[in-house]
Each structure stands twice: as C-alpha cells, then as structure tokens.
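Enquirer: Build me a model:
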Amino acid sequence: MATIKAPNGDYNGSIGDVVFTDGVAETDNKAVIAYCRGAGYEVDGATDNPAALPRWEGDSSKTHEQVGTPLRDAAVDPKPGDFLPPVNAGQADPHSPDVVSPEIHASPGPTPIVPGPVSDDPEVQGERETEGARLALLEQLPAQEVTDQLADNGKQVEPPAGNASADEWRAYAVEHRGATEDEVAGMKRDDLREKYGN
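Expert: Prediction:
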C-alpha cells in the first residue's frame, strides 16, 4: 500500500478510485500511483521532480507536417467522396433536424435496418442507408413502411437470368441496385452481371 501526498496539502478529492483527505491518500492502484509520480505528488516519501525529467531537444525550426486526414464535419463541409454523409449536408442548416446522419448499417439508433444483403459497392450501400435515414428521420415514416419501401415492398428482387439482355440488366441495376442511367449506359451484359448480379 503506497501513501500519496498531494502538492496541495488541503486537497480533498479523488484521482480515479483513490480518495484524498487533507492532501493524503493510500492505495495499491498502480495506475494512480504512476500518474501521481509523474504529476509531482509525493509517493512513499519520494517525489519525482518534473523539471528533472528529460526534455525533447528536437529541431524547433521544422514546420508542422500533417499526418493523416484533417478532421472535417461532413454536415458542414460535405465532399463528393464522403461515405454515408448526412442527408441534406451542405443544403440545410447542419444543426437543424433537416440534416440527419444515416449512420452505418445495422447501427443501433432511430433508423430501421436496411433490409436485404449489404452491397459490395459502398456507393450503392451508402445510397440505400441514406434513403432509409431520409424516409425515417425526415419523412417520419414508420419503421415497417421504411423497410417495405427499401425492400421493394418486402419482395426480394432476383437479378435477371445470366443470359438476359444487356437492356434487362441495365434496368435491373437502375431500379434495384441504385445505379444511374449514365453509369450503366455503355456497359456490356457480362460487366453488368458481374457488378450487379450478386
């Protein structure tokens, strides 16, 4: 059991689960002991002097280098490549109820789970999740009605036969897989089947 004395002898409070009375506490909690040593508390009669700890002697002439992606609020500053951006992002006040986040598939929250298989194509899945959020949170439709609409009224739509025409595959991709007319306009049947047939 270690005895810890706070720099302020009148301290009555706690660090983690360790309670100080008049600046003194006893504990065997190793995390609190380590914290207190590093923060200049006296632990079992010894105090680490923070001023004596090694200091970084780096080159201060170097400029800041960004590592990774800077934080950005997609509700305020949406970008075309954002995955599952908030509905109405950049179009309405980001703090209003008109801007809502679809969240990720099956996350617990106010929106119902989008029915059917999760698409391999993040853009297609993102569009389905966003539509679910729009219907549930903005249109205020009941969960069952939202899931019915997203599942084509509860019916699982099978892709066309493998030897169906390219036009049939294009229609299926647009109506049931979230593709646009422009995306599928020049695609051949085998390419359509590979991309949208799963």
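
Enquirer: ok, now how distant is G40 from V99?
Expert: With distances taken as C-beta to C-beta, to the nearest Å, G40 is found 46 Å from V99. Just so you know, the C-beta spots here come from the backbone N, C-alpha and C atoms, and that holds for glycine as well.

Enquirer: who's more crowded, the two?
Expert: Under the criterion of other C-beta atoms under 10 Å, the comparison of G40 against V99 puts V99 first, with 22 against 13.

Enquirer: State the phi and psi torsions of T27.
Expert: Summarising the backbone geometry of T27 under the convention degrees, to the nearest 10, its torsions are phi -160, psi 160.

Enquirer: And for it, the neighbour number?
Expert: Other residues near T27 come to 20 when the count uses other C-beta under 10 Å.

Enquirer: Name whatever forms a beta bridge with it.
Expert: When bridges are taken as DSSP bridges, the partners of T27 come out as A2.

Enquirer: does it really touch F20, like I thought?
Expert: No: under the criterion of C-beta atoms under 8 Å, T27 is not in contact with F20, lying 9.9 Å apart.

Enquirer: need the next SSE after the helix or strand of the chain with the lowest mean pLDDT, C-terminal direction.
Expert: When each helix and strand of the chain is scored by mean pLDDT, DSSP states H and E, helix 143-150 comes last, with a mean of 81. The element immediately downstream of helix 143-150 (helix or strand, assigned by DSSP states H and E) is helix 166-176.

Enquirer: So which bits of that next one are buried?
Expert: By neighbour count with 16 or more other C-beta atoms under 10 Å, helix 166-176 contains the buried residues 166, 169-173, 176.

Enquirer: what about it, distance to the chain center?
Expert: Helix 166-176 has its average C-alpha position 32 Å from the chain's average C-alpha position, going by C-alpha atoms, centre = their mean, to the nearest Å.

Enquirer: Check this protein for me, the residue farthest from its geometric middle.
Expert: Residue distances from the centre of the chain (C-alpha atoms, centre = their mean) peak at G45, which lies 46.6 Å from the mean C-alpha position.

Enquirer: And the closest residue to that one other than its chain neighbours, what's its pLDDT?
Expert: Spatial nearest neighbour of G45, chain neighbours left out: T3 (7.9 Å); criterion: C-beta to C-beta, 6 or more residues apart in numbering. Per-residue pLDDT puts T3 at 95.
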